[in-house]
Each structure stands twice: as C-alpha cells, then as structure tokens.
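Asker: build me a model:
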Amino acid sequence: MLHILLFLMLNISPATQSDSLFVASDSLFNDNGILYLGSLDGWRFHPGDDLIWTNPDFDDSDWMLYKPTGLTEPIPDSLWDGYGWFRYRFAVDSSAYAKVTHLYFSTYGAAEVYLDGKLVQKYGIFSTNLQDEKRYINRIFPAVLLLPAESHVLAVRFSYHKGQRYKELLGKYARTFGFSIGLGTDYWNQQTTARNIRAQQEFYILGTMLLLIILLHGLLFILFPAERSNLQITILVTLLFLHVIVSYGGLFFEYDVWKILFIRHIPFIILFMAALSMLPLTLNSMLKQKPRKVHKILIWIFPVFALANFILSGTETNPVIAIIFPSIIIYFSARVLIQAWRNKQKGVWIVTVAFLCLIFSAVASVFYNKFSQNISFEIISVLNYLVYGSVPLGLTAFMASRFKDLYSNLEQKVVERTRELNQSLEDLRSTQSQLIQSEKMASLGQLTAGIAHEIQNPLNFVNNFSEVNSELIDEMDEEIENGNLEEIKAIAKDIKENGQKIHHHGKRAESIVKGMLLHSRGNSGHKELVDINALGDEYLRLSYHGFRAKDKSFNADFKLEIDKSLPKIEVVPQDIGRVLLNLINNAFFAVDQRKRNLSGLDNYNPTVTVFTKNLGDQVEISVKDNGNGVPEEIKDKIFQPFFTTKPTGQGTGLGLSLAYDIVKAHGGEIKVETKPARAGSEGESEGPHGEQTGTEFTIILPA
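Answerer: So this is what the prediction gives:
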C-alpha cells in the first residue's frame with residue numbers, strides 16, 4: 001500500500017562518499033518507475049533560513065553532508081533549531097530524460113521544494129517558529145516537472161520543530177524526521193494516482209456499507225426494543241466503522257503526536273478488538289442461546305489488553321497478545337456456532353459463512369503482506385472488504401432471514417386468526433339474527449295480544465246482537481201467529497238495525513285482522529304511500545291493548561294528537577310500524593314502572609302521547625311519556641345493540657337499535673329528549689327544577 005512508501009525511515013547522518021554530480025539514468029529507476037534521490041549521497045544541509053540558498057549558483061561546499069531520508073534519529077538539537085535547508089545537485093542523461101515527468105516528495109514536517117531556483121511545490125507551511133508551522137498531511141501529490149537536459153539543483157526549505165519530542169513519545173511511530181524525495185515517470189504517477197483513488201473508494205464503500213448497517217439495526221432496535229440482537233449488532237458495527245475511519249485516517253487527517261497516539265495507534269487496536277469481543281455475545285443473542293458469563297467478561301477485556309500491550313510493547317503491538325486475544329474470541333464464537341448447528345438452528349449457515357470469511361481474510365491478509373514480494377492493491381482491497389464487511393453483512397443477512405421467518409409465521413397466524421374471526425363473526429351474525437328474530441317475535445307477540453284484545457270488542461258486539469236477533473225472531477214468530485202486523489214491523493226494524501251493527505263490527509274485526517296479517521307477513525322492502533296518522537293510531541291502540549292483555553291491572557291514558565295536514569309518505573309500513581310499536585311499548589313500560597314505584601299515591605296519571613307534525617318537506621312523529629326518564633349517563637348508549645335498561649328477561653336490547661337502523665335506512669333521523677325524575681319525587685312527575693319529567697322520542701322522515 002501507499003503507506004510503505006511514506007514510512008521509509010530517514011537517516012540524517014553525515015555523508016561519507018564524495019560530493020560528485022549524480023547523473024540519473026534509465027537503469028536506476030525501479031520497477032514502479034521512481035528514483036529515490038533522498039537516499040543517495042551528496043545532500044548538503046545548513047541550519048537557519050535564507051532564500052538566497054535557492055540560487056543554483058550558490059556555493060554550498062562548506063555545508064554539512066546529510067541524507068534527508070533513511071534516518072533513525074532527528075537532526076540533533078545542537079545542529080539546528082527545528083528548521084534548515086537541504087541542497088542536492090544532479091543531472092539526467094538522455095536514457096531517462098524523456099521519462100522524468102514528476103517530482104515525488106513525502107514528509108511529516110513542512111517543506112518548500114525549489115528546482116533550479118524556482119518553487120516547485122509547498123508541503124504544509126514552513127516556519128521558523130513552532131506556532132506558525134503546519135505539518136504536511138502525508139499524502140502523495142506529485143509535482144509536474146519539465147527538466148532541461150542539463151544539471152539541476154534541488155533546494156528544500158524544511159522545518160520539523162516537534163521531531164525530537166515525537167521521537168521521545170512515539171518511538172518508531174514518530175515516523176520520519178526528514179523527507180523522502182525522488183524523480184517519477186508517467187507510469188509511476190498513474191499508479192500512484194490510481195492507488196490513491198482506490199484507497200479512497202475503498203474507504204467510502206466500506207464506510208457507507210457499515211454506516212447503512214448501523215442505521216438499519218439501530219432503527220430496528222428503536223422500533224423493536226425487545227430484539228436486543230439489533231442493539232448488539234449496532235454496537236459491533238459502530239466499533240468497526242470507527243476502526244475503518246482510524247485505519248484510513250491518513251487519507252484525510254493531519255497527524256501530530258497526540259493524534260498518532262490516541263487516534264491512530266491505540267484506537268486502531270482497541271476498536272478492532274472491541275468489535276471482535278462483541279462477537280460471541282452478539283451470536284448468543286441472535287441464535288437465542290443463553291449467554292455465558294465469559295462472553296460478557298470478554299467485552300471488558302479489550303481495555304485491559306490495550307493497557308497490557310502498551311505497558312509491554314509501548315506503541316508497537318505485542319505479537320503474543322495480538323495472537324492470543326483474537327484466538328480466544330474465535331474459540332468462543334466457534335463454540336456458539338457449533339452449538340447452534342447441534343440445535344439445528346435455522347439460518348446458522350449464514351453466520352458460519354461470514355465467520356469463516358473473516359478468519360480466512362484476516363489470515364490471508366497477514367500472510368500476503370508478510371510474504372508477498374509484489375503487493376497487489378486489488379487483492380489487498382478484496383481482503384479488506386472481507387475483513388470489515390463479511391461479519392456485518394452476515395449478521396444483517398441472518399437477521400433478514402429471521403424477519404422473513406417471523407413475517408411468514410405472522411402471516412400464517414394472521415390467516416388462522418382471520419379464519420377464527422370470520423367464524424366468530426358468522427356465529428355472531430347467527431346469534432344476532434336469532435336475537436333480531438326474537439325481538440321481532442316479541443313485538444309480534446305484543447302486537448298479537450293487542451289485536452286479540454282489540455278484536456274481542458267487535459266480536460262481543462257481533463255475538464250479542466246475534467243473540468238479540470235470535471230472540472227477536474222468536475218474538476216475531478209469535479206476533480205473526482197473533483197477526484199483530486204493527487209489532488211484526490217493529491221487530492223486523494230492530495232485526496235490521498242489529499244486522500247493520502253486526503255488519504259494522506264485523507268490518508271492524510276484518511280491519512283488525514288485515515292489520516295483523518300486514519304486520520306479521522315478511523318484509524318485502526318495498527315502500528308504499530302510508531298514512532302516518534292512521535299508522536300511529538293503530539299501533540297506539542294495539543300496544544295499549546297488548547299491555548292490557550298481559551296484565552289486567554295495567555292502566556294508562558293514551559292520546560293521539562295528529563296534524564291533519566300530514567301528507568302520505570313513502571315508507572316500508574311494516575318497518576315503520578315496528579319502530580312505532582317499539583317506541584310506544586317502551587313508553588307504556590316506562591309509565592307502568594313509575595306507577596309501580598309510586599305505589600299508594602293516586603295523584604300520578606301515567607300518560608303516553610303520540611304526536612304528528614307536518615314540517616313541509618319532512619314529517620315528524622313523536623312518542624312522549626311521563627315516566628322516570630333516562631339517566632344522563634346512559635342516554636348515549638340506548639341506541640347501542642344489546643343495551644337495555646329493562647330487567648333481565650324482559651328485553652333483548654335490540655329494539656331501539658333496530659328502530660335506529662330502520663329510520664336511518666329511510667333517510668331520516670331519530671333523537672331523544674329526556675328529563676329524569678329526582679329520587680323520591682312524588683305526585684305529578686316533576687324534575688329537579690319542577691319541569692315535567694319523562695322521555696320523548698322524535699322521528700323525522702322525508703316527506
């Protein structure tokens with residue numbers, strides 16, 4: 001990788017060879033197309049700062065001989081104050097002249113490079129004082145060169161004020177103390193540019209992938225906190241993400257001593273080991289195994305590992321600890337996976353493949369970097385993708401598989417539950433139909449009782465007048481024998497009048513029977529023009545006589561106050577009849593209950609009144625009683641199905657619900673006004689402020 005070129009150790013020691021002019025030829029360039037000048041003899045150094053030293057004709061023969069690269073120690077403090085100048089004379093022969101197109105430069109200090117007196121490139125900000133110096137972000141930015149075919153002088157204005165301090169704190173991680181410089185070809189420049197781009201692409205791809213996984217599992221944990229696996233995956237991948245940022249930080253950040261120590265080196269080890277130590281516990285949670293205490297302890301071992309490594313080896317990774325700790329993590333992770341295979345855990349193969357990819361790529365990276373002569377950046381990139389991406393992608397794929405299974409199971413349960421609910425709904429509909437039929441039969445029974453009681457009156461008249469006519473005929477027979485013509489005519493006249501009365505009451509009975517048949521027959525659903533006044537009169541009388549038929553002691557006044565201008569309206573007569581019958585029955589029940597509660601008092605007169613009113617384009621029908629009224633707390637519930645205030649066994653709670661549905665089906669509305677009686681009130685029913693108490697149901701239908 002590019003780091004290898006950047007981490008060349010600089011050896012600023014006095015030159016031991018002659019100061020002859022160096023000539024660059026084609027054979028001196030390496031396979032990558034670069035010639036490193038900084039490691040060659042002939043460099044001269046002088047402390048201080050003077051721009052006249054850029055002049056190629058300046059005589060530097062009395063300067064000290066120092067190589068600016070390949071050194072293990074910084075320039076001694078006795079020789080400089082943190083800044084100075086380096087000069088080098090060279091030439092390029094005809095074999096290499098056409099190839100030299102770029103200048104290579106690398107440093108951790110700050111520098112200005114001059115070629116033949118002209119500024120070629122700045123690296124950082126050179127300064128004679130520490131505060132103004134800005135060290136170079138050590139990336140390779142080749143400078144373009146146009147070399148004439150003659151000798152040249154390189155002059156480098158260089159400062160690195162903290163070099164000595166960095167060496168004390170970081171040891172070998174203090175990096176170089178001078179600079180590396182060389183001549184590069186187009187091939188080298190293309191390779192360098194491609195490697196820089198590839199490294200940045202690698203960082204962006206890995207970083208984006210890990211960040212998306214973090215956001216995905218973080219959001220899943222927020223939405224489903226019971227699934228703690230998502231939280232553990234989020235933590236694990238976050239640690240890997242931070243490790244990637246630190247690993248590739250050289251592409252984006254300038255490092256000083258503290259950044260190198262606390263951002264690059266120690267976090268580089270800690271973050272990766274922390275992510276690795278999360279693996280056994282995360283696998284435990286994902287594979288639904290009981291976590292072992294050792295898995296929880298492993299999470300807290302990595303700070304101890306980092307501290308032990310720092311104590312034993314300083315900033316350099318101790319190979320013994322670096323091998324033992326990952327091996328422990330791999331061992332416990334493998335045990336979790338083996339147990340999952342024994343339990344035939346569904347989807348465990350996904351995690352196993354990811355785990356094996358991690359081990360393979362990590363081992364391959366170590367061996368490839370250590371033993372490969374020619375480093376392929378393509379292979380390194382693939383291995384890096386596997387090291388950082390295999391486990392996060394594997395864990396995400398496993399969780400996706402689990403969510404798929406959960407969704408499938410949930411979908412199956414939804415289907416089963418829907419089937420059960422449909423069956424329950426069918427049962428409920430069947431029960432509701434039975435209750436509705438029961439309500440209808442109760443209404444029919446009430447109606448039949450009223451009809452039977454009502455029809456008894458005309459039948460009594462028919463029977464009585466028939467008996468009278470029979471007696472009159474016997475008397476007429478006697479008068480015929482006696483020849484009393486006047487008496488015969490009188491008796492015949494009485495018989496005729498009685499026959500007319502029999503016919504009248506017979507017609508009345510016939511009308512009642514027709515009404516009964518009309519009500520009891522099935523509902524056709526067809527609307528007809530109906531006289532609401534007649535319908536109200538009929539059902540008011542039938543309801544009253546129905547109560548009388550069931551209870552001979554029942555007694556109440558009922559009144560019909562009609563609007564004679566009321567037009568006939570189109571309704572389903574059977575349905576509106578059921579509504580009126582139900583409301584009138586409820587009214588008679590309410591006044592009867594109040595009368596029973598006021599037993600012994602004779603100043604309460606139970607009354608039920610039916611009103612009709614012409615509203616122009618609407619017809620209003622009201623059923624009013626002076627009973628106890630409806631308590632305010634249950635007023636909003638009376639139209640709910642199965643809600644009833646009647647004693648158990650005396651009502652289904654469907655009457656008002658059906659009435660509400662029938663009125664709505666006719667495009668009308670039904671409302672209730674009520675004034676409950678105060679507790680213990682006596683006499684004519686009065687509310688808490690003396691107002692008339694009771695309930696009034698009002699039906700409004702379109703005309």
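Asker: my guess is residue 238 meets residue 211, correct?
Answerer: No. Using CB atoms under 8 Å, residue 238 is not in contact with residue 211; the gap is 9.2 Å. Using the backbone N, CA and C atoms, a C-beta is placed for each residue, glycine as well.
Asker: gap between stretch 281-290 and the chain center?
Answerer: 25 Å (CA atoms, centre = their mean, to the nearest Å).
Asker: pull out the buried positions in it.
Answerer: Neighbour-count burial for stretch 281-290 flags 281-287, 289 (criterion: 16 or more other CB atoms under 10 Å).
Asker: export those residues to JSON lines and tack on pLDDT, distance to residue 608 and secondary structure?
Answerer: Output for those, formatted as JSON lines (pLDDT from 0 to 100; distance: CB to CB, whole Å; DSSP: H, G, I helix; E, B strand; the rest coil):
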{"residue": "281", "pLDDT": "83", "distance to residue 608": "78", "secondary structure": "helix"}
{"residue": "282", "pLDDT": "84", "distance to residue 608": "77", "secondary structure": "helix"}
{"residue": "283", "pLDDT": "85", "distance to residue 608": "79", "secondary structure": "helix"}
{"residue": "284", "pLDDT": "83", "distance to residue 608": "77", "secondary structure": "helix"}
{"residue": "285", "pLDDT": "81", "distance to residue 608": "73", "secondary structure": "helix"}
{"residue": "286", "pLDDT": "82", "distance to residue 608": "74", "secondary structure": "helix"}
{"residue": "287", "pLDDT": "83", "distance to residue 608": "75", "secondary structure": "coil"}
{"residue": "289", "pLDDT": "80", "distance to residue 608": "76", "secondary structure": "coil"}
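Asker: rewinding a little: and residue 238 and residue 211? Which one has more around it.
Answerer: Ranked by neighbour count (other CB atoms under 10 Å), residue 238 and residue 211 place residue 238 first, with 20 against 14.
Asker: how about the nearest residue to that one, chain neighbours excluded?
Answerer: Nearest residue to residue 238 in three dimensions, chain neighbours excluded: residue 214, at 5.5 Å (CB to CB, 6 or more residues apart in numbering).
Asker: same question for residue 543.
Answerer: Excluding the flanking residues, the one nearest residue 543 by CB to CB, 6+ apart is residue 584, at 4.2 Å.
Asker: need the contact list for the one you found.
Answerer: For residue 584, the contact set (CB atoms under 8 Å, 6 or more residues apart in numbering) comprises 539-540, 543, 608, 610, 623.
Asker: which of the three states applies to it?
Answerer: Three-state assignment for residue 584 (DSSP: H, G, I helix; E, B strand; the rest coil): helix.
Asker: got it, and residue 627?
Answerer: coil.
Asker: over to residue 81?
Answerer: Secondary structure, three-state DSSP: residue 81 is coil.
Asker: now the nearest residue to it once chain neighbours are set aside. Its backbone dihedrals?
Answerer: Sequence neighbours aside, residue 47 is the residue nearest to residue 81 in space, at 6.5 Å (criterion: CB to CB, 6+ apart). Dihedral angles of residue 47 (phi, psi; degrees, to the nearest 10) stand at phi -70, psi 160.
Asker: pLDDT at residue 452, what is it?
Answerer: The model reports residue 452 with a pLDDT of 65.
Asker: quick one, grab the pLDDT at residue 687.
Answerer: For residue 687, the pLDDT comes out at 42.
Asker: quick check: the residue nearest the centre of the chain vs residue 62, distance?
Answerer: What sits nearest the mean C-alpha location of the chain, by CA atoms, centre = their mean, is residue 223, with 5.8 Å. Residue 223 is 76 Å from residue 62, where distance means CB to CB, to the nearest Å.
Asker: how far is the longest helix along the chain from where the chain is centred?
Answerer: Across the chain, the longest stretch assigned as helix under DSSP state H is helix 377-482. Chain-centre distance of helix 377-482: 36 Å, with CA atoms, centre = their mean.
Asker: which elements pack onto it?
Answerer: When contacts are defined as 3 or more CB pairs under 8 Å, 6 or more residues apart in numbering; DSSP states H and E, helix 377-482 packs onto helix 186-223, helix 229-247, helix 266-286, helix 348-371, helix 485-520, helix 532-550, helix 573-597, helix 655-665.
Asker: could the ones you listed be laid out in TSV, adding distance to residue 294?
Answerer: Listed next are the helices and strands packed on helix 377-482 as TSV, based on distance: least, CB to CB, whole Å:
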stretch	distance to residue 294
helix 186-223	25
helix 229-247	16
helix 266-286	8
helix 348-371	18
helix 485-520	83
helix 532-550	83
helix 573-597	76
helix 655-665	66
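Asker: looking at these, which has the lowest confidence?
Answerer: Comparing mean pLDDT across the helices and strands packed on helix 377-482, the weakest is helix 485-520, with a mean of 73.
Asker: next secondary structure after that one?
Answerer: Per DSSP states H and E, helix 485-520 leads on to strand 528-530 as the next helix or strand towards the C-terminus.
Asker: packing partners of that next one?
Answerer: Counting contacts by 3+ CB pairs under 8 Å, 6+ apart, strand 528-530 packs against strand 569-571, helix 573-597.
Asker: sheet-wise, list the partners of the shortest one with their directions.
Answerer: Taking DSSP bridges as the criterion, strand 569-571 pairs within the sheet with strand 528-530 (antiparallel).
Asker: what are the buried residues along the partner strand?
Answerer: Under the neighbour-count criterion of 16+ other CB under 10 Å, strand 528-530 has residue 530 buried.
Asker: and the angle for the longest helix of the chain with helix 186-223?
Answerer: Angle, helix 377-482 to helix 186-223, by axes from the mean of the first three to the mean of the last three CA atoms, to 10 degrees: 30 degrees.
Asker: okay, the angle between helix 377-482 and helix 573-597?
Answerer: Counting by the same axes, to 10 degrees, helix 377-482 lies at 80 degrees to helix 573-597.
Asker: next, the angle from helix 377-482 to helix 655-665.
Answerer: Taking the same axes, to 10 degrees, one finds that helix 377-482 is oriented at 100 degrees with respect to helix 655-665.
Asker: angle of helix 377-482 against helix 266-286?
Answerer: Here the directions of helix 377-482 and helix 266-286 differ by 30 degrees (the same axes, to 10 degrees).
Asker: tell me the angle of helix 377-482 relative to helix 532-550?
Answerer: Taking the same axes, to 10 degrees, helix 377-482 and helix 532-550 form an angle of 80 degrees between their directions.
Asker: okay, now residue 355: neighbour count?
Answerer: Neighbours of residue 355 under the rule other CB under 10 Å: 21.
Asker: look up the pLDDT of residue 8 for me, please.
Answerer: pLDDT recorded at residue 8 is 28.
Asker: relative to residue 29, how far out is residue 613?
Answerer: For residue 613, the distance to residue 29 - CB to CB - is 113 Å.
Asker: what about these two, which has more around it?
Answerer: Neighbours around residue 613 and residue 29, counted as other CB under 10 Å, are more numerous at residue 29. The numbers are 22 against 16.
Asker: what's the nearest residue to the more buried one if we skip its chain neighbours?
Answerer: Of all residues not flanking residue 29 in the chain, residue 35 sits nearest, at 4.9 Å (CB to CB, 6+ apart).
Asker: what residues does the helix or strand that neighbour falls within touch?
Answerer: Assigned by DSSP H and E, residue 35 belongs to strand 34-36. Counting contacts by CB under 8 Å, 6+ apart, the residues outside strand 34-36 that touch it are 8, 24, 28-29, 69, 96, 104, 180-185, 188.
Asker: if we can go back for a sec, pick the one among the contacts of residue 584 closest to residue 481.
Answerer: Nearest to residue 481 among those is residue 540, at 52.4 Å by CB to CB.
Asker: from the chain's centroid, how far away is the strand or helix carrying residue 122?
Answerer: Secondary structure from DSSP H and E places residue 122 in strand 118-123. In terms of CA atoms, centre = their mean, the gap separating the centre of strand 118-123 from the centre of its chain is 57 Å.
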